[in-house]
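Participant: show me how the following folds:
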Amino acid sequence: MQRLRTTPFNQSLRYLSTASSTTTTTDKIIASVLFERLPIVIPKIDPLLYAFQEFSFRWKQQFRREYPDEFYKKYESRGKGDYQIDYQPAPRITEADKSNDRRSLQRALDRRLYLLLHGPASGSHSEEPVWHFPEKLYENEETLRKCAESALKSVLGDLTHTYFVGNAPMGHIPVTPEKTESNTMKRFFFKSQVIASNKYDIAGCDDYVWVTKDELLEFFPEEAKFLNKMIIS
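Facilitator: Residues are numbered from 1 along each chain as shown. The predicted structure is shown next:
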């Protein structure tokens, strides 16, 4: 029986990357970062789910175990101690929500927020400012994730309060070239998350916003279908 020769996975990737760089030198690759802030408070419960939970609780109360009165008296006689404090939940609606301040991270606390920048897009010859993700044209970085990290670092200044989720991109989409360009372009998305920070000094753009998924789709009507599938929130 003839033995089949296998090639290690990493070696295959190096071969493919070398082959693609020699055969498609006109292609452009852009690393974009989907920089998100996770929800800070628990989302509101759907009224139907709340009604079911209340019904389930009342149904279980019929079969609960009743403890003797001595048990409750012994519990009430315990001292409160210093560890018991009065808890007051923070308001769900913040000042940023009331004023619709999209430059603030202190809004939509029960939703995920995503960073968008306004300025010239990377990889485009046009200097016309548009809304886009933090991104960078891939040049000679060691990996595509390194390129994405460099893109986000150029906006935030450092990556101290960020976390990149995985080494592989979460999705990619071909970009239609402009009439004055003949090169094809592909955009690869990497996910990164806000870590222990309420404010960033955003630089390298004319303006920026923190938006929810629904708001984000309004900025990219042509790519809304793709982004709606890629972003799970």
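
Participant: quick check: what element follows the helix or strand of the chain with the lowest mean pLDDT along the chain?
Facilitator: For the chain, using mean pLDDT, DSSP states H and E, the weakest element among its helices and strands is helix 9-23, scoring a mean of 42. Per DSSP states H and E, helix 9-23 leads on to strand 28-37 as the next helix or strand towards the C-terminus.

Participant: packing partners of that next one?
Facilitator: strand 113-119, strand 135-137, helix 144-156, strand 185-194 (3 or more CB pairs under 8 Å, 6 or more residues apart in numbering; DSSP states H and E). From N, CA and C alone the C-beta is placed, and that goes for glycine too.

Participant: between the ones you listed, which one is closest to Glu128.
Facilitator: Closest to Glu128 of the helices and strands packed on strand 28-37 is strand 113-119 (CB to CB; 9.7 Å).

Participant: my guess is Tyr50 is in a strand, correct?
Facilitator: No. Using DSSP: H, G, I helix; E, B strand; the rest coil, the assignment for Tyr50 is helix, not a strand.

Participant: per-residue pLDDT, it?
Facilitator: You'll see Tyr50 listed with a pLDDT of 89.

Participant: same question, Asp101
Facilitator: 96.

Participant: contact partners for the residue nearest in space to the middle of the chain?
Facilitator: Geometric centre of the chain, nearest residue: Glu36, 3.0 Å, by CA atoms, centre = their mean. Counting by CB atoms under 8 Å, 6 or more residues apart in numbering, Glu36 touches 112-115, 191-194.

Participant: hmm, try it at 6 Å
Facilitator: Contacts of Glu36 were listed using CB atoms under 6 Å, 6 or more residues apart in numbering, and they are 112, 114, 193.

Participant: is the second one in a bridge, and if so with what?
Facilitator: When you say that, I think you mean Tyr114. Tyr114 has these beta-bridge partners by DSSP bridges: Glu36, Val211.

Participant: repeat that for the last one.
Facilitator: Following DSSP bridges, Gln193 is listed with bridge partners Glu36, Tyr163.

Participant: re the thing from before, make a markdown table out of the helices and strands packed on strand 28-37 and add mean neighbour count.
Facilitator: Putting the helices and strands packed on strand 28-37 into a markdown table (neighbours: other CB atoms under 10 Å) gives the following:
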| stretch | mean neighbour count |
| --- | --- |
| strand 113-119 | 21 |
| strand 135-137 | 21 |
| helix 144-156 | 20 |
| strand 185-194 | 20 |
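
Participant: want to throw the ones you listed into TSV with distance to Thr162?
Facilitator: Shown next, in TSV, are the helices and strands packed on strand 28-37 (distance: least, CB to CB, whole Å):
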stretch	distance to Thr162
strand 113-119	11
strand 135-137	15
helix 144-156	6
strand 185-194	5
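
Participant: can you list the ones you listed in JSON lines and add distance to Phe226 and mean pLDDT?
Facilitator: Formatted as JSON lines, the helices and strands packed on strand 28-37 follow (distance: least, CB to CB, whole Å; pLDDT from 0 to 100):
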{"stretch": "strand 113-119", "distance to Phe226": "15", "mean pLDDT": "96"}
{"stretch": "strand 135-137", "distance to Phe226": "16", "mean pLDDT": "94"}
{"stretch": "helix 144-156", "distance to Phe226": "18", "mean pLDDT": "96"}
{"stretch": "strand 185-194", "distance to Phe226": "10", "mean pLDDT": "95"}
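
Participant: does Cys147 touch Leu137 like I think?
Facilitator: No. Using CB atoms under 6 Å, Cys147 is not in contact with Leu137; the gap is 8.1 Å.

Participant: so what pLDDT did the closest residue in space to Lys153 that isn't next to it in sequence get?
Facilitator: Using CB to CB, 6 or more residues apart in numbering and skipping residues adjacent in sequence, the residue nearest Lys153 is Leu159, 5.5 Å away. Looking at Leu159, its pLDDT reads 95.
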